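Peer 1: just need the structure, nothing else, for what follows:
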Amino acid sequence: MNCLDYRRALLVGTGESDAMSVHRLQCAGCAAEWQEQGAFEQALRDALEVPVPQGFAERMANAQAASRRKFLAAAASVFAAAGAGGFYLFARQDPLALAGIDFVMKEEANSIMMGALTRSEAKAELAGTLPIERMERIGQVKHVRPCPFNGKTAIHVVLMVPQGKVTLLVMADSTVGRMRHAEKEGLHAAVVGMKRGSVGVVGGDLDVVESVAGALKG
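Peer 2: Have a look, this model is predicted:
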């Protein structure tokens with residue numbers, strides 16, 4: 001196992017295997033990464049010890065059902081219109097969604113370590129694309145910070161929901177039509193269009209990613 005394999009496996013969050021442990025004990029850089037990741041995860045666990053917003057479970061269930069209906073309807077429409085070749089184009093990995101996964105794997109920890117905006121600053125940054133109050137209706141906003149993303153600037157948001165953590169990348173200057181998807185290294189991403197710009201949602205559970213994306217879009 002090399003350093004890149006170790007850090008990718010560590011970010012997926014499935015636990016440290018025997019091979020990973022052997023590598024970490026022989027590599028000071030990966031040992032430091034392991035300690036930093038442990039501190040980050042502990043901070044997120046501490047953040048979860050807060051009341052769940054009233055009515056959250058019902059809103060998530062409704063959003064998930066609506067998201068699945070839209071997704072299946074869109075897939076059926078594309079398949080009927082273009083046949084199997086069209087379905088393949090619909091299902092393929094989307095570059096913008098993949099960029100969101102790469103951000104979580106390589107840059108998210110640095111963004112969090114640099115500190116977050118105050119709530120008033122975050123509210124001002126997000127107002128034109130995805131108001132912070134809208135996100136707070138489905139979870140708890142734990143981190144907001146502008147960051148370089150895909151050659152532009154996005155707003156990086158860490159959102160805590162009962163099922164765990166999801167990462168949002170609010171992109172005021174990127175417009176998409178249909179929902180886009182990607183999967184890589186055990187992470188899932190969806191990108192949905194907003195009235196202005198778009199938002200990427202990245203997490204370890206496909207159902208949670210699609211539910212959050214559907215709730216934000218709706």
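Peer 1: and stretch 156-166, end to end?
Peer 2: End-to-end distance for stretch 156-166: 11 Å, by Cα to Cα, to the nearest Å.
Peer 1: for the record, mean pLDDT for that stretch?
Peer 2: For stretch 156-166, mean pLDDT rounds to 91.
Peer 1: buried set for that stretch?
Peer 2: Within stretch 156-166, the residues scored as buried using 16 or more other Cβ atoms under 10 Å are 156, 157, 158, 159, 160, 161, 165, 166. C-beta: built from backbone N, CA, C; applies to glycine.
Peer 1: same check, this time on stretch 17-27
Peer 2: Result for stretch 17-27 [16+ other Cβ under 10 Å]: buried residues 20, 23, 24, 27.
Peer 1: relative to residue 40, how far out is the closest residue to residue 117 other than its chain neighbours?
Peer 2: Residue nearest to residue 117 in three dimensions, not counting chain neighbours: residue 144, with 4.9 Å by Cβ to Cβ, 6 or more residues apart in numbering. The gap separating residue 144 from residue 40 is 16 Å, by Cβ to Cβ, to the nearest Å.
Peer 1: likewise for residue 23?
Peer 2: Counting by Cβ to Cβ, the separation of residue 23 from residue 40 is 20 Å.
Peer 1: ramachandran angles for the residue of the chain positioned farthest from its centre?
Peer 2: Within the chain, residue 26 marks the point farthest from the mean C-alpha position, 31.8 Å out by Cα atoms, centre = their mean. Backbone torsions for residue 26, taken as degrees, to the nearest 10, come to phi -110, psi 0.
Peer 1: distance of it relative to residue 108?
Peer 2: Distance from residue 26 to residue 108, counting by Cβ to Cβ: 26 Å.
Peer 1: next: residue 181.
Peer 2: In terms of Cβ to Cβ, residue 181 sits 19 Å off from residue 108.
Peer 1: how about the CA coordinates for stretch 182-199, as PDB?
Peer 2: Provided in PDB are the C-alpha atoms of stretch 182-199 (Å, rounded to 0.1, in the frame of the first residue of the first chain):
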ATOM      1  CA  ALA A 182     -21.200  10.400 -10.100                       C
ATOM      2  CA  GLU A 183     -19.600   7.700  -7.900                       C
ATOM      3  CA  LYS A 184     -16.000   7.300  -7.000                       C
ATOM      4  CA  GLU A 185     -14.000   5.700  -4.200                       C
ATOM      5  CA  GLY A 186     -17.200   4.900  -2.200                       C
ATOM      6  CA  LEU A 187     -18.500   8.400  -2.400                       C
ATOM      7  CA  HIS A 188     -21.600   9.600  -4.300                       C
ATOM      8  CA  ALA A 189     -22.300  13.000  -5.700                       C
ATOM      9  CA  ALA A 190     -25.400  14.700  -7.200                       C
ATOM     10  CA  VAL A 191     -25.500  18.200  -8.800                       C
ATOM     11  CA  VAL A 192     -28.900  20.000  -9.100                       C
ATOM     12  CA  GLY A 193     -29.800  23.300 -10.700                       C
ATOM     13  CA  MET A 194     -31.200  26.200  -8.600                       C
ATOM     14  CA  LYS A 195     -33.000  29.300  -9.800                       C
ATOM     15  CA  ARG A 196     -29.500  30.800  -9.900                       C
ATOM     16  CA  GLY A 197     -26.500  28.500 -10.200                       C
ATOM     17  CA  SER A 198     -26.400  25.000  -8.900                       C
ATOM     18  CA  VAL A 199     -25.400  23.000  -5.800                       C
END
